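*Asks:* for reference, the sequence and a predicted model appear below.
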2 protein chains.
Amino acid sequence: MSTSKPTIHDVASLAGVSKSLVSLALSGSKKVSEKSRERILAASESLGYRRNAAARSLAVQRSQTMGVLILDLHNPVFAEILDGVQSELRDYGYSTMLVTGGKDPVLEKTEIDSLLQFQIEGLILISHRLSSRELTKIANEVPTVTVTREDIISSALDTVCNDDVAGARLAVDHLVSLGHSKIVCLSGGDNPVSHSRVQGYRLAMQQHGKETFASVVSGGLTDATGYQAAIQALSQKPTALFVANDIAAMGAIAAIEEAGLSVPADVSVVGYDGISLGALRSVNLTTIAQPLDELGRLAAKALVQRIKSPGSKSQHIRVSSKLVVRGTSAAI
Amino acid sequence: MSTSKPTIHDVASLAGVSKSLVSLALSGSKKVSEKSRERILAASESLGYRRNAAARSLAVQRSQTMGVLILDLHNPVFAEILDGVQSELRDYGYSTMLVTGGKDPVLEKTEIDSLLQFQIEGLILISHRLSSRELTKIANEVPTVTVTREDIISSALDTVCNDDVAGARLAVDHLVSLGHSKIVCLSGGDNPVSHSRVQGYRLAMQQHGKETFASVVSGGLTDATGYQAAIQALSQKPTALFVANDIAAMGAIAAIEEAGLSVPADVSVVGYDGISLGALRSVNLTTIAQPLDELGRLAAKALVQRIKSPGSKSQHIRVSSKLVVRGTSAAI
DNA sequence: CCCTTTCGTTGGAACGTTCCAAAAGTATGC
DNA sequence: GCATACTTTTGGAACGTTCCAACGAAAGGG
């Protein structure tokens, strides 16, 4: 760090060639003679030369970088989706710039703004808190894919989601097949994802001819809200709970155990999301697992494709989730 | 997106001024007349103009961006540290570029390389798998701070860590004060962090005159390794376990319960890290909590300071962790 | 031996910004 | 009314790269 960073000129003069030839050699062009290539590579190596991505992106008018906004790093669901996004984008030769909004819509906007200043070529929102207006505005400026939310649909926007209605149905099917009837649903509060899951629950209960037992207690997507909702639900003496997400399900389990009941002997619990946490031995949660990694990969793929052919109409991909039976559900 | 992005020239000609004045106005200089400023802002707004960060960073020779490498997004410890890093850096006016190595040293290197191409001004490694050689090389190229690891010390490098020896001592003190003597330690395997924690355990046992009871079972930092180690440890009939991290502690608890014992009635368990997961009602883990957010903030601060005065000698900050008593530890 | 082709190489322009020196405009003092 | 000072504005250079048109050299064909 004593002197300033070496540039392509430094490499050129050390190798005794022009900067243009260095540029050619470094990008692997075959028009460069073997002799020159070797000298250039050696010079570049010995100087510790690194391409300046800013200058490059200015010259080629492409940043080779995608922006990713993640709603909240603490919720493992999002982190697991991110993994899929990143590894797929890497394969396509894109770098990733990640920001968090920390659940704050205002911060979210300024962070996206900063991404746009970096001339990102595309944007992936792993959930978000933006209004429909803001989202459309952003999507008109840069190719955008939202993961996890399919409520805001715009022609400028691709979406990747799991089928929440079908997923909820799987949960109910499973519990019914174990002999349960008094299955109470703990909703995830007032948000589009939770609504679909509740709807799936109702539909399934109906199909099994158990609509008289159907009962929804309103909760939330956190440990604490799951706990509270479970306490309320227990007064109805259910034999099983279907909870809107895994984290809330963990809260619910705590409430059940504190009430002196045991899971799954007295009450079965099925969650939703399939976070890797649920696979831990001490949690061991039966759940409807979204293919989180795949969700991320699909989002990345959709984005890349959309960039390649900007005219194509927007995709709305829906993948199916599957039941993973673990230790919190059992026959009645 | 129909036409290409507006540049500063477009704004200038719409406002009827020179590009230089636009640049001045946009950076909030007070040498711009009120009239011009208004016209420029209006023009910029109506065109949806955004500064090109690449061009800017080329011109000012500063990227205003820091790079962050995170070992593994799935481990909540790192995500929580990251949060501190990001919010602190934001306050200093830096953007953050985040990459993951996915625990793979080779990938880690290429990802850091890509960060360096973006002319990041500093680098924060939230744990890593680099060799001492590689790390020093990188640190010589760009100001670097490592969080969580203090084993590799170089004059080019700042480090931010918690005091693992003292933390482990807190755990033992707590268990002893509850009347425990047969306290077995489940190590976190062969890594510097785990070594310090085991060492702290031994020291504390000695100080309490319980060295005859001291026993270390080698485990790891994952759920599965914690589970395995606990099974082994149980053959020694301990009344308490001190486990090298929270995740492994959760595995250990599962093993204890499967053995027909109950936590904390039969065996107390204390973990290490203080991940927010441990606060969930169904986990409710007694642990030695590192100030994760603060760790991140301190790393960011150290990095900024180091950039401001590049000559100053390297800092090695160590913060203390504290005991958080929850439901997995009880009197004998 | 000259004309064409091919290969390897080169200088200069361009990308969008900031910064500087200097120009233009406006106010102040005598 | 003119020199002086101060405020506002401007064109051009610079940042490090890529791309293009054009160049010289070597090779091949007649």
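*Replies:* Okay, I see it.
*Asks:* which one is residue A:146 nearest to, not counting chain neighbours?
*Replies:* Distances taken as C-beta to C-beta, 6 or more residues apart in numbering or on different chains put residue A:125 closest to residue A:146, at 4.6 Å, once the chain neighbours are dropped. Yep, even glycine has a C-beta here, placed from its N, CA and C like the rest.
*Asks:* what's the answer for residue A:117, then?
*Replies:* residue B:53 (4.2 Å).
*Asks:* can you report phi and psi for that neighbour?
*Replies:* phi -60, psi -30 (degrees, to the nearest 10).
*Asks:* that one against residue A:120, yeah?
*Replies:* No: checked against C-beta atoms under 8 Å, the pair residue B:53 and residue A:120 is beyond contact range at 9.8 Å.
*Asks:* which bits of chain A sit near DNA strand D?
*Replies:* In this structure, chain A approaches DNA strand D at residues A:4-5, A:7-9, A:19-20, A:23, A:26-27, A:49-52, A:55-56, A:58-60, judged by C-beta under 7 Å from any atom of the strand.
*Asks:* which ones, among these, also lie beside DNA strand C?
*Replies:* Answer for the residues of chain A next to DNA strand D near DNA strand C (C-beta under 7 Å from any atom of the strand): A:19, A:20, A:55, A:58, A:59.
*Asks:* which one of those has the most neighbours?
*Replies:* Highest neighbour count within those, by other C-beta atoms under 10 Å in any protein chain shown: residue A:58, with 19 neighbours.
*Asks:* in three-state terms, label the residue nearest to residue A:146 for me.
*Replies:* Under the three-state scheme (DSSP: H, G, I helix; E, B strand; the rest coil), residue A:125 adopts strand.
*Asks:* ok, the one 5 residues further on next?
*Replies:* Under the three-state scheme (three-state DSSP), residue A:130 adopts coil.
*Asks:* residues near it, how many?
*Replies:* 21.
*Asks:* neighbours of the nearest residue to residue A:261 once chain neighbours are set aside, how many?
*Replies:* For residue A:261, ignoring the flanking residues on the chain, the nearest one in space by C-beta to C-beta, 6+ apart is residue A:267 at 5.6 Å. By other C-beta under 10 Å, 28 other residues sit near residue A:267.
*Asks:* contacting residues around residue A:267?
*Replies:* A:234, A:238, A:239, A:240, A:241, A:256, A:261 (C-beta atoms under 8 Å, 6 or more residues apart in numbering or on different chains).
*Asks:* and it, what pLDDT?
*Replies:* Listed pLDDT for residue A:267 reads 98.
*Asks:* so the helix or strand where residue A:55 lies versus helix B:53-60, what angle?
*Replies:* Per DSSP states H and E, residue A:55 falls inside helix A:53-60. Inter-element angle recorded for helix A:53-60 and helix B:53-60: 120 degrees (by axes from the mean of the first three to the mean of the last three C-alpha atoms, to 10 degrees).
*Asks:* can you pull the contacts of residue A:66?
*Replies:* A:89, A:94, A:95, A:96, A:97, A:120, A:121, A:122, A:123, A:124, A:300, A:303.
*Asks:* mind putting those into JSON lines with secondary structure and distance to DNA strand C?
*Replies:* Listed next are the contacts of residue A:66 as JSON lines, based on DSSP: H, G, I helix; E, B strand; the rest coil; distance: C-beta to the nearest atom of the strand, whole Å:
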{"residue": "A:89", "secondary structure": "helix", "distance to DNA strand C": "24"}
{"residue": "A:94", "secondary structure": "coil", "distance to DNA strand C": "20"}
{"residue": "A:95", "secondary structure": "strand", "distance to DNA strand C": "19"}
{"residue": "A:96", "secondary structure": "strand", "distance to DNA strand C": "22"}
{"residue": "A:97", "secondary structure": "strand", "distance to DNA strand C": "18"}
{"residue": "A:120", "secondary structure": "coil", "distance to DNA strand C": "15"}
{"residue": "A:121", "secondary structure": "coil", "distance to DNA strand C": "14"}
{"residue": "A:122", "secondary structure": "strand", "distance to DNA strand C": "18"}
{"residue": "A:123", "secondary structure": "strand", "distance to DNA strand C": "19"}
{"residue": "A:124", "secondary structure": "strand", "distance to DNA strand C": "24"}
{"residue": "A:300", "secondary structure": "helix", "distance to DNA strand C": "26"}
{"residue": "A:303", "secondary structure": "helix", "distance to DNA strand C": "22"}
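*Asks:* any of those residues buried? List them.
*Replies:* Buried members of these, counted by 16 or more other C-beta atoms under 10 Å in any protein chain shown: A:89, A:94, A:95, A:96, A:97, A:120, A:121, A:122, A:123, A:124, A:300, A:303.
*Asks:* and the residue minimising distance to the centre of chain A, how close does it get to DNA strand D?
*Replies:* Using C-alpha atoms, centre = their mean, the residue of chain A that lies closest to the mean C-alpha position is residue A:81, 3.4 Å off. As judged by C-beta to the nearest atom of the strand, to the nearest Å, residue A:81 and DNA strand D stand 32 Å apart.
*Asks:* who are the contact partners of that residue?
*Replies:* Residue A:81 touches A:126, A:147, A:148, A:292, A:293, A:295, A:296, A:299, counting by C-beta under 8 Å, 6+ apart.
*Asks:* lowest-confidence entry in those residues?
*Replies:* residue A:148 (92).
*Asks:* make sure it is actually in contact with residue A:192.
*Replies:* No: taking contacts as C-beta under 8 Å, residue A:148 lies outside contact range of residue A:192: 9.5 Å.
*Asks:* compare these two (neighbour count), which wins?
*Replies:* With neighbours defined as other C-beta under 10 Å, residue A:148 and residue A:192 compare such that residue A:148 has more, 23 against 15.
*Asks:* just checking, what packs against the helix or strand residue A:35 falls within?
*Replies:* Secondary structure from DSSP H and E places residue A:35 in helix A:34-47. Applying 3 or more C-beta pairs under 8 Å, 6 or more residues apart in numbering or on different chains; DSSP states H and E, one finds that helix A:34-47 contacts helix A:8-15, helix A:19-26.
*Asks:* quick one: average pLDDT of the last one?
*Replies:* The one in question is helix A:19-26. 96.
*Asks:* give me the neighbour count for the closest residue to residue A:262 other than its chain neighbours.
*Replies:* Using C-beta to C-beta, 6+ apart and skipping the chain neighbours, the partner closest in space to residue A:262 is residue A:256 (7.7 Å). Neighbourhood size, residue A:256 [other C-beta under 10 Å]: 26.
*Asks:* repeat that for the one 5 residues further on.
*Replies:* Here the count is done by other C-beta under 10 Å, and residue A:261 has 12 residues near it.
*Asks:* so how far is residue A:240 from it?
*Replies:* Distance of residue A:261 to residue A:240, computed by C-beta to C-beta, to the nearest Å: 12 Å.
*Asks:* and residue A:176, by the same measure?
*Replies:* 9 Å.
*Asks:* which stretches of chain A form strands?
*Replies:* A:65-70, A:95-100, A:122-126, A:144-147, A:157-162, A:183-186, A:215-217, A:240-243, A:268-273, A:286-289, A:316-319, A:322-324 (DSSP state E).
*Asks:* ok, of those, where does mean pLDDT dip lowest?
*Replies:* Averaging pLDDT over each of the strands of chain A puts strand A:95-100 lowest, since it has a mean of 88.
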